[in-house]
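Q: 3D model of this:
(one chain, ligands or ions: 1)
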Amino acid sequence: MNQQKRAAAIHDISCFGRCSLTVALPIISAAGVETAVIPTAVLSTHTGGIKGFTYRDLTDDIKKIVDHWVSLNLGFDSVYTGFLGSFEQIDIIIETIGRLRNERTIVVVDPVMADNGKLYEIFPKDFPSGMKRLCENADVIIPNITEAVLMLNEEYKEGPYEKAYIELLLKKLGKLAKKVVLTGVSFNDSELGAATYDSETKKISYSFLPKIPGYYHGTGDVFGSALVASLMNDVPLEKAAAIAVRFTADSIKRTFDAGTDIRFGVNFEEGLKGLKDMISGHK
Ligand code: PXL
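A: This next block holds a predicted model:
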């Protein structure tokens, strides 16, 4: 019998708005993976376009949670990190990864900090250098194009992209971590998706689906969570990225069709059964 996998998701809790832990916990759990959480901060909503959000920093709690977990001798098959509450938390999370990982742990780092060519306003200018260090501690990194160029000091370009630009980014990112999934990739105006790169085999793959208009919040976390859910079910990286693209695009489509406020996140909930089926189909 297969042992159930266990993941630790390290993100903030945005109480409303479907991103970070309120997305990671249901998606990874729905794929049959036990999902423990370390909240990095508690906010009333995410910070993307909603004013007046509350913010409670939980930096002081992280080490205490990890101390307790270490005393319980828990093993984690994955550590998945996303939005961090402060620059100071980056070193604490690097230390946390070192304390929680063993030889079978897959560390997935999403360097959440920027989109559309801009660093999120709440972060200091040197945040990308910290996120770059965090990525160096990962097995798999999942930046979007903006996060990639900020960490690599490359020029930001708007899509559609030249293949050479994307492949340059992938190869440079492959020096930070063994495996790379780059999101927000497009080679024409009608399709959007992700690219993967394995720096050991040098293999590059692409996965695209038709682009849906509008900038929906939390889609990076929906994508990352579906990717972790797939990897934890032993789906190979390229297929895991294709499943995550499909799950994210379907969630955006449902939300677009319903005419929901784009700030309120996407309807991933009605795709959870389909995610489980896509993952089972690859076994
Ligand atoms: O989805 C990324 C994210 C997570 N958490 C918070 C955010 C954002 C993006 O803006 O504001 C609090």
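Q: going by C-alpha atoms from here, please, whenever you check contacts or count neighbours.
A: Will do.
Q: what ranges does this structure have for its helices?
A: In the chain, the segments counted as helices under DSSP state H are 21-30, 59-71, 87-100, 127-135, 145-152, 163-173, 219-231, 237-258, 272-281.
Q: out of those, which one sits most buried?
A: helix 219-231 (a mean of 27; mean count of other Cα atoms under 10 Å).
Q: in contact with the residue positioned nearest the centre of the chain, which residues?
A: Nearest residue to the geometric centre of the chain (Cα atoms, centre = their mean): Gly224, 3.4 Å. Gly224 is in contact with 110, 142, 244, counting by Cα atoms under 8 Å, 6 or more residues apart in numbering.
Q: closest one of those to the ligand?
A: Asp110 (9.5 Å; Cα to the nearest ligand atom).
Q: before we move on, the earlier item: can you put the helices of the chain in a markdown table and add distance to Phe208 and mean pLDDT?
A: Converted to a markdown table, these look like this (distance: least, Cα to Cα, whole Å; pLDDT from 0 to 100):
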| stretch | distance to Phe208 | mean pLDDT |
| --- | --- | --- |
| helix 21-30 | 21 | 98 |
| helix 59-71 | 37 | 98 |
| helix 87-100 | 32 | 97 |
| helix 127-135 | 25 | 98 |
| helix 145-152 | 15 | 98 |
| helix 163-173 | 14 | 98 |
| helix 219-231 | 13 | 98 |
| helix 237-258 | 7 | 98 |
| helix 272-281 | 16 | 97 |
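Q: which one of those lies closest to Thr40?
A: Distance to Thr40, taken as Cα to Cα, is lowest for helix 59-71 among the helices of the chain, at 6.3 Å.
Q: roughly how far apart are the residue in the stretch 101-250 of the chain that the ligand sits nearest to and Ser205?
A: Nearest residue of the stretch 101-250 of the chain to the ligand (Cα to the nearest ligand atom) works out as Gly218 at 4.1 Å. For Gly218, the distance to Ser205 equals 24 Å [Cα to Cα, to the nearest Å].
Q: so the two - more neighbours on which side?
A: Neighbour count, other Cα atoms under 10 Å: between Gly218 and Ser205, Gly218 has more, with 21 against 15.
Q: picking that back up, find the nearest non-adjacent residue to the residue of the stretch 101-250 of the chain closest to the ligand, please.
A: Cys19 (4.5 Å; Cα to Cα, 6 or more residues apart in numbering).
Q: for the one you found, give me phi and psi.
A: Backbone geometry at Cys19, expressed as degrees, to the nearest 10, gives phi -150, psi -180.
Q: wait, it touches His217, no?
A: Yes. Cys19 lies in contact with His217 (Cα atoms under 8 Å); the separation is 7.5 Å.
Q: looking at these two, which one has more neighbours?
A: A count of neighbours by other Cα under 10 Å puts Cys19 above the other of Cys19 and His217, at 25 against 22.
Q: OK, contacts around the more buried one?
A: 13, 46, 217-219, 221-222, 265.
Q: quick check, nearest of the residues you listed to Ile279?
A: Val222 (15.2 Å).
Q: my read: the closest one touches Val23, true?
A: Yes. If you go by Cα under 8 Å, Val222 and Val23 touch, sitting 6.2 Å apart.
Q: in contact with the closest residue to Leu173 other than its chain neighbours, which residues?
A: Excluding the flanking residues, the one nearest Leu173 by Cα to Cα, 6+ apart is Val180, at 6.7 Å. Residues in contact with Val180 (Cα under 8 Å, 6+ apart) are 140-142, 170, 173-174, 196-198.
Q: got a pLDDT number for Val180?
A: On pLDDT, Val180 comes in at 99.
Q: any idea how far it lies from Lys125?
A: For Val180, the distance to Lys125 - Cα to Cα - is 24 Å.
Q: ok, now Thr47?
A: With Cα to Cα as the criterion, Thr47 and Lys125 are 17 Å apart.
Q: with Ala194 instead?
A: Distance from Ala194 to Lys125, by Cα to Cα: 26 Å.
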